[in-house]
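1. Here's a sequence, model it:
(2 chains)
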Amino acid sequence: MNLTDNIPDDASVISAILKGNINSFEILMDRYQDHVSRIVRNHVTWDNAPEVAHDTFVRAYQSLGGFQGTGPFKHWLAKIAIRCCQDFWRGYYRDQENLVGPLPDDGRNWVDHLLSDQSAERDAERVEARDLLQWALGQLSASERMVLTLTHLNEYSAAEAAELLDWSVIRIKVQSHRARKKLRKILAKILPQGTA
Amino acid sequence: MKSSKAQIDKIEKTLIAAYRNQEDLQFPPDWRQHVMQDISSMAGPTTFPQAKKMRTMIPRRIGALAGVAVAAVVAWLILVNLDWYDPWITMKPHITALESHPAFWLEAGDQDSGVRSVKVTVVQKEVQTEVVSKNIEPPGGIWAGTSSAVKKVNFPLEVDAQALGLHEGKATIVVTVRDLSWKNWFKGRATTLKKEMVIYYKQSP
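-> So this is what the prediction gives:
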């Protein structure tokens, strides 16, 4: 029987995989590759996103035996993706070579240009903006970065972020507030001299 | 010139817009093959972290609750058993000269944990001579609780100077009472009463 012809639901596919039909895992990858790629793209650097997505599916496969089906597989997979991103940042910050250096000149020029120009939309498309954001986020801890990315940049509610990170809602709110305050302090330091 | 807050707001808003304006991620063409190769080389799906979490989280919560309960019990025991008041002592009559065979009336007590011991000594020229030593700890000692403890004790105290081998001259009667509290590393609170005396013996006719 070809499973894809009958469009089996996730539970049937998972059951087939657990019985030893490893190739059925490709069905899950087909269904959720975009979902996982959106999550990891939003949480890790562009260059590392494919690797983290790879880890997400491998970890999902390894843990499949414990999927209890109490919620949608998509949510379960999202949690794994978020935790893979968190693990990525923990490893990244442990590596001394990845310590954040001073703000590159391009970033400083972009800030000067932005503050003198009225068109924010055009500037938003600039690569420098994304690089500057990564530079600023790089000065936060792995946890601060994750919680800020979830709540502030991706607009997840505190309850949603709490479920994904397996934290309490209070902890999410407190950490999110602190992380944003810290980010704004970092941004304040790059204002042209005489304005900060 | 705009305020720095307005400038930070503008930078932040623009950065968020740039962040949300990212293109879709393009996976390398052989990306999926690599994932499938990796999982094919594995033993197979094993335990799910959530199941593991259930096993570890429950004992952790119970452990935390047990820790809090134990800490509360220990704190309560310490607070109750450290006791708040020292024992008290009275010795009558108030005399300063000790004839050969005088008698006193000694009263001692402790309102919290009760009396553990009463010890009376006479110190003369740095030599300490024990007159009486009473241990009135209830069975179980400091763990027996306050209900069986002796709160007050009184008895006649005879100081037979000659029998004790004391010489005529200055001497100090020292009465020490300890209670059953946990103070001083379970030795209890102590109160000491010192009475300066002059010992003299009546000359035989």
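
2. Give me the residues contacting the host helix or strand of B:Lys134.
-> If you go by DSSP states H and E, B:Lys134 is part of strand B:127-135. Contact with strand B:127-135 is made by B:116-123, B:153, B:155, B:157, B:159, B:164-166, B:173-174, as judged by CB atoms under 8 Å, 6 or more residues apart in numbering or on different chains. Quick note: C-beta positions are derived from backbone N, CA and C, even for glycine.

3. Listing partners with orientation, what would you give for that strand?
-> For strand B:127-135, the paired strands and their directions (DSSP bridges) read strand B:115-124 (antiparallel).

4. Which pLDDT does the model give the residue nearest the centre of chain B?
-> Centroid-nearest residue in chain B, with CA atoms, centre = their mean: B:Ile78, separated by 4.6 Å. If you check B:Ile78, the pLDDT there is 80.

5. which intervals of chain A have sub-threshold pLDDT?
-> Within chain A, the segments meeting pLDDT under 70 span A:1-6, A:96-100, A:117-126, A:193-196.

6. can you tell me how far the residue lying farthest from the centre of chain B sits from A:Pro102?
-> Distance from the C-alpha centroid of chain B peaks at B:Pro29, with 69.1 Å (CA atoms, centre = their mean). Computed as CB to CB, to the nearest Å, the B:Pro29 to A:Pro102 distance reads 37 Å.

7. for B:Ile95, same thing?
-> Taking CB to CB, one finds B:Ile95 at 89 Å from A:Pro102.

8. Same check on B:Leu77?
-> Taken as CB to CB, the span from B:Leu77 to A:Pro102 is 58 Å.

9. do the same with A:Ile190
-> For A:Ile190 relative to A:Pro102 (CB to CB), the value is 10 Å.

10. higher neighbour count, those two?
-> Legend: neighbour count by other CB atoms under 10 Å in any protein chain shown for A:Ile190 and A:Pro102, higher for A:Ile190 (20 against 9).

11. Provide a list of residues in contact with the residue lying closest to A:Thr151 once chain neighbours are set aside.
-> Excluding its sequence neighbours, the residue lying closest to A:Thr151 (CB to CB, 6 or more residues apart in numbering or on different chains) is A:Ser176, at 4.4 Å. Contacts for A:Ser176 (CB under 8 Å, 6+ apart) come out as A:Val147, A:Leu148, A:Thr151, A:His152, A:Ala158, A:Ala161.

12. that older thread, now the element after the host helix or strand of the residue nearest to the centre of chain B, going C-ward?
-> Assessed by DSSP H and E, B:Ile78 sits inside helix B:49-82. Moving toward the C-terminus from helix B:49-82, the next helix or strand (DSSP H and E) is strand B:88-92.

13. tilt between that next one and strand B:115-124?
-> Using axes from the mean of the first three to the mean of the last three CA atoms, to 10 degrees, the direction of strand B:88-92 lies 50 degrees away from that of strand B:115-124.

14. mind checking how far strand B:88-92 is from the chain centre?
-> 28 Å (CA atoms, centre = their mean, to the nearest Å).

15. closest point of chain A to chain B, which residue?
-> Using CB to the nearest CB, A:Gly66 is the residue of chain A that sits closest to chain B, at 1.7 Å.

16. So what's the residue count around that residue?
-> A:Gly66: 17 neighbours (other CB under 10 Å).

17. host element of A:Ile90?
-> That one is not Ile; residue A:90 is Arg. helix A:73-94.
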